[in-house]
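A.B. asks: Let me see the structure of the following:
(one chain, ligands or ions: 2)
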Amino acid sequence: MNIREFSQDLQKIYDQMWDAFSQYQAASGLNCLVGCGKCCNNPEVEASVLEMFPLALRILDENKLEEWLDKLEEPAQDHCLMYEPHTPDGSKGQCGVYKERPSLCRMFGVAGFYNKHQEVTLSVCKLIREKYPDLTKIRESEVSDKTPMLITWSYRLAQIDPGLIQDRMPINQALKKALERIALYAQYQEHS
Ligand code: SF4
Ligand code: SF4
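C.D. replies: Ligands and ions are numbered 1, 2, ... in the order given. This is a model prediction of the structure:
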């Protein structure tokens, strides 16, 4: 695998993915709460190792590989180490790696999925649902194939490499493994 080409291809999909989901939020009015970062404060956020390659490469290029590997050896928090909280309880804050954040982070707020009856259904973050209860019901009733779908974007990722949607693990662990692979890649580059 050419890691740089792979990461560029992945970053293109990330950008398109974000366009699709953010445009849907804006058009539907089901926007994230201003300054909210509650989902990033959750230790259950997962990513695959390959999804973290664009970020791992940036860390390599900024000569911060050792610094990040040390931080990830015994992470100070169970939730994502890239989260920058603005309040003591972590409910407000921002992503420190917004451009390279993995796929799940781009789809947290509002996304379409197929329910067990194979009907298109809307998944809406609890906080958005609580803030816009009536609008949420309206958008749920209007849901269609134009709604950005989790499955569509998972397929697009899998087309680059099936590993992108497999073997998901807690995000800090995924970044650590990605950095370890990038460190090997850097050593290989030095000696080739
Ligand atoms: S990568 Fe960014 S968006 Fe994703 S959980 Fe971490 S801080 Fe949140
Ligand atoms: S998806 Fe929900 S918890 Fe996450 S930032 Fe948006 S409003 Fe907040």
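A.B. asks: State the number of residues packed around Ile165.
C.D. replies: Burial of Ile165 is recorded as 18 neighbouring residues (other C-beta atoms under 10 Å). Any C-beta I mention is one placed from the backbone N, CA and C, and that applies to glycine too.
A.B. asks: Could you give the separation between the terminal residues of stretch 141-160?
C.D. replies: Across stretch 141-160, the terminal residues are separated by 34 Å (C-alpha to C-alpha, to the nearest Å).
A.B. asks: close to ligand 2, is it?
C.D. replies: No. Judged by C-beta under 6 Å from any ligand atom, stretch 141-160 stays clear of ligand 2, getting no closer than 13.9 Å.
A.B. asks: any chance you could map the strands in the protein?
C.D. replies: With DSSP state E, the ranges of strands along the chain come out as 46-47, 83-85, 93-95, 110-114, 120-124, 169-170.
A.B. asks: Need those in JSON lines (columns: mean pLDDT).
C.D. replies: Below are the strands of the chain laid out as JSON lines (pLDDT from 0 to 100):
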{"stretch": "strand 46-47", "mean pLDDT": "96"}
{"stretch": "strand 83-85", "mean pLDDT": "95"}
{"stretch": "strand 93-95", "mean pLDDT": "97"}
{"stretch": "strand 110-114", "mean pLDDT": "93"}
{"stretch": "strand 120-124", "mean pLDDT": "94"}
{"stretch": "strand 169-170", "mean pLDDT": "96"}
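A.B. asks: now the ones you listed in CSV, with distance to ligand 1?
C.D. replies: As requested, those are exported to CSV (distance: least, C-beta to the nearest ligand atom, whole Å):
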stretch, distance to ligand 1
strand 46-47, 8
strand 83-85, 4
strand 93-95, 3
strand 110-114, 15
strand 120-124, 17
strand 169-170, 10
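A.B. asks: Show me what counts as buried in the lowest-mean-pLDDT helix or strand in the chain.
C.D. replies: Among the secondary structure pieces of the chain, namely its helices and strands, helix 171-191 has the lowest mean (mean pLDDT, DSSP states H and E), a mean of 90. By neighbour count on 16 or more other C-beta atoms under 10 Å, the buried set for helix 171-191 is 171-179, 181-182, 185.
A.B. asks: Cool, thanks, talk later.
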